[in-house]
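S.K.: need a 3D model of the following:
(4 chains)
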Protein chains: 2
Amino acid sequence: MPRTIPDDEAEFLRSYDPGAFERPSVAVDTVVLCVDDQRLKVVLSRRRDHPYLGAWALPGTFVRIDEPLEDAVVRSLSDKAGLRLDHLEQLYTFGAPGRDPRLRVISVAWLAVVRPGNLPALPDGVVLGDVHVGWEGEAGGPASASGPGGAGLPLAFDHADILGTAVQRVRGKLGYTDLGFAFLAPTFTLRDVRLVWETLLGRALNKDSFRRTVLTRHPLIDTGERQSDVGHRPAALYRLALEEEE
Amino acid sequence: MPRTIPDDEAEFLRSYDPGAFERPSVAVDTVVLCVDDQRLKVVLSRRRDHPYLGAWALPGTFVRIDEPLEDAVVRSLSDKAGLRLDHLEQLYTFGAPGRDPRLRVISVAWLAVVRPGNLPALPDGVVLGDVHVGWEGEAGGPASASGPGGAGLPLAFDHADILGTAVQRVRGKLGYTDLGFAFLAPTFTLRDVRLVWETLLGRALNKDSFRRTVLTRHPLIDTGERQSDVGHRPAALYRLALEEEE
DNA sequence: TCGACATAGATGCATCATGGATTTATGTAG
DNA sequence: CTACATAAATCCATGATGCATCTATGTCGA
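M.R.: Residues are numbered from 1 along each chain as shown, chains lettered A, B, ... in the order given. Next up is the predicted model:
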């Protein structure tokens, strides 16, 4: 008759040798966002296996035993789409026991941004979906995606929640960080900046107030160059100052 | 002669059966903060095992195979100190391969807040350390801890980084959330609120501006009661409005 | 009993950020 | 050369904020 292991001894064993207990799997999933033609896009990959066969998933992979989390993110994105990222930050960790019906997977979700100019041709089964957000401001909640014809792209697992969390994070950080500029080419007009912000925030912004605030709150430098061939007065081209640059 | 497994086949195997690869262990660690007598405190537990024997660690545990992350947090805190939390949110996931010298442990760190009134007597080996932050504002960076006599409490693993991240998060969220009120008793004066904020932010605040901003930006309700036995004019006692309360 | 003391709380004011309208500037296209 | 579209500066009203001043109200000690 097997003896009952008291709780504190079990706790000791677990802290001494966690291998004695079954371990969850650890994955990374990345929300790769991009603003193109005033639409918010996300990189999605069509699932070729059960569960959620045919549904669309954020690119991700399981984390190798000696691999930093960021390395797993970069590996999963270059393997899957040859992507070069302009911004990467950790988002949130999703670990509900039922989120993957096969087995316990704890996924560390990441937020990545790519400028349109850095987007490579995507391989088969990988698309840029349109992001649809059913809430306003920074309320939060799940988000959905649709394809070129407007057809919905059903998302696998809890990836609608992850996508929504990513949009919420971006909206929250636009004002007090330089995150918004990761969506722009290295050189841009103030109009470009505003259009990106309006796309990300999902609402119109006052043109002149925006000009003032963005110029005072972000380290922008007038390159001295102007637009050309635009059918109206050309706007000044700015760039974001690097660190330690005034 | 064993054949070489091509990369894409390896990828397929991994996604089909992650059990075929060695899995990291997953833990939760919680920064339990509390403001008492204008000092920021954190719950620390003295390690009884190698590595970092005798050093001080944030309370934590390994996550069980079918256990939600939050449940692991609550379990580790009630097991270790009988703590009832007034606030709990996920903080960040720390997963550098070398952070635990024994084995790969990916730790989902959490931020918890306890009002001083809800602090139980702590068991042996668990203390409330004073938090010391070597940076200002929301700059970020590691934080340290000291004991009752002022003696340093060396922190195990990367727990100085986790503690610093927690303080940074609290400072950032004070202004636009009600997080600060989790550090206060259910009923409080505006002075109590300001002292808590000053402790958390590590700097003095203008008394009157603070009164105005906190009253306009947070849903406070005047209970109609006053302080008593305070040696000066008694202040009004407020409480935080619940949801859907005006 | 009364006045010192400490803090609460209100008021006033200068400054700055913001929303919004107006005006002027400057390119292209017909 | 003019219409057009947008850039960019200016002006103004409003509201938030930092700060100083003034009044209110409790306890406590002489």
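S.K.: so, low pLDDT: which residues of chain A?
M.R.: In the predicted model of chain A, residues A:1-20, A:243-246 satisfy pLDDT under 70.
S.K.: longest helix in it, please.
M.R.: When chain A is parsed with DSSP state H, its longest helix is helix A:159-174.
S.K.: quick one: whichever helix or strand comes after it to chain centroid distance?
M.R.: The helix or strand immediately downstream of helix A:159-174 is strand A:187-188, counting by DSSP states H and E. Here strand A:187-188 is found 22 Å from its chain centre; the criterion is Cα atoms, centre = their mean, to the nearest Å.
S.K.: for the top strand by length along chain A, enumerate the helices and strands it packs against.
M.R.: Identified as the longest strand of chain A according to DSSP state E is strand A:25-36. Secondary-structure packing of strand A:25-36 (3 or more Cβ pairs under 8 Å, 6 or more residues apart in numbering or on different chains; DSSP states H and E): strand A:39-46, strand A:60-62, helix A:69-81, strand A:87-94, strand A:105-113, strand A:126-133, helix A:159-174, helix A:190-201. No exception for glycine: its C-beta is placed from N, CA and C like everyone else's.
S.K.: distance between it and the chain's centre?
M.R.: 5 Å.
S.K.: what do you get for stretch A:226-237?
M.R.: 32 Å.
S.K.: check stretch A:57-75 too.
M.R.: With Cα atoms, centre = their mean, you get 14 Å for stretch A:57-75.
S.K.: re earlier: pull out the buried residues from the longest helix of chain A.
M.R.: A:159-171, A:174 (16 or more other Cβ atoms under 10 Å in any protein chain shown).
S.K.: anything in that helix near DNA strand C?
M.R.: No. Helix A:159-174 does not reach DNA strand C (Cβ under 7 Å from any atom of the strand); its nearest approach is 12.4 Å.
S.K.: what's the angle from that helix to strand A:25-36?
M.R.: Comparing the axes of helix A:159-174 and strand A:25-36 via axes from the mean of the first three to the mean of the last three Cα atoms, to 10 degrees yields an angle of 60 degrees.
S.K.: what angle do helix A:159-174 and strand A:105-113 make?
M.R.: 40 degrees.
S.K.: returning to what we had before: between the helices and strands packed on strand A:25-36, which gets nearest to DNA strand D?
M.R.: Among those, helix A:190-201 comes nearest to DNA strand D, with 3.0 Å by Cβ to the nearest atom of the strand.
S.K.: picking up where we left off before, turn the helices and strands packed on strand A:25-36 into TSV, including distance to DNA strand D.
M.R.: As requested, the helices and strands packed on strand A:25-36 are exported to TSV (distance: least, Cβ to the nearest atom of the strand, whole Å):
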stretch	distance to DNA strand D
strand A:39-46	18
strand A:60-62	38
helix A:69-81	32
strand A:87-94	24
strand A:105-113	23
strand A:126-133	23
helix A:159-174	17
helix A:190-201	3
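S.K.: return the most buried member of the ones you listed.
M.R.: strand A:105-113 (a mean of 24; mean count of other Cβ atoms under 10 Å in any protein chain shown).
S.K.: can you tell me the strand partners of that one and which way each runs?
M.R.: strand A:25-36 (parallel), strand A:87-94 (antiparallel) (DSSP bridges).
S.K.: ok, and what's touching the shortest one?
M.R.: For strand A:87-94, contacts defined as Cβ atoms under 8 Å, 6 or more residues apart in numbering or on different chains pick out A:29-31, A:69-70, A:73-74, A:106-113, A:158, A:161-162, A:165-166, A:169, A:179, A:182, B:69, B:90, B:92-93, B:108.
S.K.: chain B: which of the buried residues of helix A:159-174 is nearest?
M.R.: Each of the buried residues of helix A:159-174 was checked against chain B using Cβ to the nearest Cβ; the closest is residue A:165, at 10.8 Å.
S.K.: give me the spatial nearest neighbour of residue A:136, chain neighbours excluded.
M.R.: Of all residues not flanking residue A:136 in the chain, residue A:202 sits nearest, at 6.7 Å (Cβ to Cβ, 6 or more residues apart in numbering or on different chains).
S.K.: and that neighbour, how many neighbours?
M.R.: Counted with other Cβ atoms under 10 Å in any protein chain shown, residues neighbouring residue A:202 total 15.
S.K.: tell me the SS of residue A:224?
M.R.: strand (DSSP: H, G, I helix; E, B strand; the rest coil).
S.K.: mind checking how far it is from chain B?
M.R.: 33 Å (Cβ to the nearest Cβ, to the nearest Å).
S.K.: go on, residue A:56?
M.R.: 15 Å.
S.K.: phi, psi for that residue please.
M.R.: phi -110, psi 140 (degrees, to the nearest 10).
S.K.: does it touch residue A:155 like I think?
M.R.: Yes. Under the criterion of Cβ atoms under 8 Å, residue A:56 makes contact with residue A:155 at 5.6 Å.
S.K.: what residues are shared contacts of the two?
M.R.: By Cβ under 8 Å, 6+ apart, the residues touching both residue A:56 and residue A:155 are A:44, A:145.
S.K.: just list the residues touching the residue nearest to residue A:142 when sequence neighbours are not counted, thanks.
M.R.: Excluding the flanking residues, the one nearest residue A:142 by Cβ to Cβ, 6+ apart is residue A:160, at 3.8 Å. Residue A:160 makes contact with A:142-144 under the criterion Cβ under 8 Å, 6+ apart.
S.K.: if you set the cut-off to 10 Å instead, what comes out?
M.R.: A:141-145, A:154 (Cβ atoms under 10 Å, 6 or more residues apart in numbering or on different chains).
S.K.: filter the residues you listed down to the buried ones.
M.R.: A:142-145.
S.K.: and which of those is nearest to DNA strand C?
M.R.: Closest to DNA strand C, out of all of the buried ones among the contacts of residue A:160 and judged by Cβ to the nearest atom of the strand, is residue A:143, at 24.6 Å.
S.K.: correct me, but the closest one touches residue A:171?
M.R.: No. With contact defined as Cβ atoms under 10 Å, residue A:143 does not reach residue A:171; the gap is 11.3 Å.
S.K.: overlap of the contact sets of the two?
M.R.: residue A:133.
S.K.: quick check: closest non-adjacent residue to residue A:129.
M.R.: Nearest to residue A:129 is residue A:145, by Cβ to Cβ, 6+ apart, at 3.6 Å.
S.K.: C-alpha coordinates for the helix or strand hosting the one you found, CSV please?
M.R.: Applying DSSP H and E as the criterion places residue A:145 in strand A:143-146. Output of strand A:143-146 as CSV, limited to C-alpha atoms (Å, rounded to 0.1, in the frame of the first residue of the first chain):
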residue,chain,number,x,y,z
ALA,A,143,-9.8,41.1,-32.0
SER,A,144,-10.5,39.3,-35.3
ALA,A,145,-8.9,39.2,-38.7
SER,A,146,-10.0,39.0,-42.3
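S.K.: contact partners of that strand?
M.R.: So strand A:143-146 is contacted by A:31, A:40-42, A:44, A:56, A:58, A:127-135, A:152-155, A:159-168 (Cβ under 10 Å, 6+ apart).
S.K.: hmm, try it at 7 Å
M.R.: A:42, A:44, A:56, A:129-133, A:152-153, A:155, A:160, A:163-164, A:167 (Cβ atoms under 7 Å, 6 or more residues apart in numbering or on different chains).
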